[in-house]
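> pasting the structure only:
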């Protein structure tokens, strides 16, 4: 018996963590059992190479590390997470809500490649994680689409408010634009559900976005 896996995806700063958290709060109010997971698992040994990469210790720009190498860093963290944390719950029929997943590699790492090489990479990625590693395929991927100029502004505000430092993905606006352009094709090819998070260049409220999210999720429950 397998459970259900709902994934929130989007470029950096699109509100994935916020919307995943709001959904989990709603599920709790409704009495629906669930597990919430978040990638990468910063601070865990399995995410050490992810942190080396994102901190710029393997290259100061995202393109300094190949799509395939970077993908392996994230894949190993997901595999360890599944084996150590939520796999048993999922396999017993549980509902799992993920902030990022294999889908993040599809958005971020494929964007590093020429367009004609992206399908080959995506086939490799999904075969690696879903077949070779045995990780579950998502039942629903909610792609939060926010214009890059808005996410850039929101990330800079977040940095100032929290005193945190942007990683090499978040610092590179051109890279984020490429990720968003790549994601538009991935979304269509993979059948993800798009949530438009802005209207006429103005961000929608988190409550409005959540209401749309829950209407979609409710059909899966």
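That came through fine. Here the structure is a predicted model, which means the values were calculated and not measured.

> I'd assumed residue 18 was in contact with residue 213.
No. Contact criterion CB atoms under 8 Å: residue 213 and residue 18 do not qualify, at 10.5 Å. For glycine as for every other residue, the C-beta is placed from the backbone atoms N, C-alpha and C.

> so which of these two has more stuff around it?
Legend: neighbour count by other CB atoms under 10 Å for residue 213 and residue 18, higher for residue 213 (22 against 15).

> now name the helix or strand holding that one.
helix 206-218 (DSSP states H and E).

> tell me the buried residues in that helix?
Across helix 206-218, burial judged by 16 or more other CB atoms under 10 Å covers 209, 210, 212, 213, 214, 217.

> starting at the chain centroid, how far to it?
Taking CA atoms, centre = their mean, to the nearest Å, one finds helix 206-218 lying 18 Å from the centre of the chain it belongs to.

> so for it, mean pLDDT?
Averaging pLDDT along helix 206-218 gives 97.

> which neighbouring elements make contact with it?
In terms of contacts (3 or more CB pairs under 8 Å, 6 or more residues apart in numbering; DSSP states H and E), helix 206-218 is packed against helix 16-29, strand 140-145, strand 193-196.

> export these to a markdown table and tack on mean pLDDT and distance to residue 169?
Shown next, in a markdown table, are the helices and strands packed on helix 206-218 (pLDDT from 0 to 100; distance: least, CB to CB, whole Å):
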| stretch | mean pLDDT | distance to residue 169 |
| --- | --- | --- |
| helix 16-29 | 97 | 13 |
| strand 140-145 | 97 | 16 |
| strand 193-196 | 97 | 21 |
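
> doesn't residue 97 belong to a strand?
Yes. Assigned with DSSP: H, G, I helix; E, B strand; the rest coil, residue 97 falls within a strand.

> what about it, distance to residue 116?
35 Å (CB to CB, to the nearest Å).

> give the next helix or strand downstream of the helix or strand of the chain with the lowest mean pLDDT.
Using mean pLDDT, DSSP states H and E, the weakest-scoring helix or strand in the chain turns out to be helix 148-162, at a mean of 67. Counting by DSSP H and E, the element after helix 148-162 in chain order, helix or strand, is helix 173-190.

> name the residues that touch that next one?
Outside helix 173-190, the residues within contact range by CB atoms under 8 Å, 6 or more residues apart in numbering are 9-12, 61-63, 103, 106-108, 110-112, 118, 122, 141, 143, 145, 147-148, 151-152, 169-170, 192, 194.

> now, of the residues you listed, which are buried?
Using 16+ other CB under 10 Å as the burial test, the contacts of helix 173-190 include 9-12, 62-63, 103, 106-108, 110-112, 118, 122, 141, 143, 145, 147-148, 151-152, 169-170, 192 as buried.

> so residue 74 versus residue 114, what's the distance?
Relative to residue 114, and taking CB to CB, residue 74 is found at 21 Å.

> okay, these two: which has more neighbours?
For the pair residue 74 and residue 114, the greater number of neighbours falls to residue 74 (26 against 6), based on other CB under 10 Å.

> thanks a lot, catch you later.
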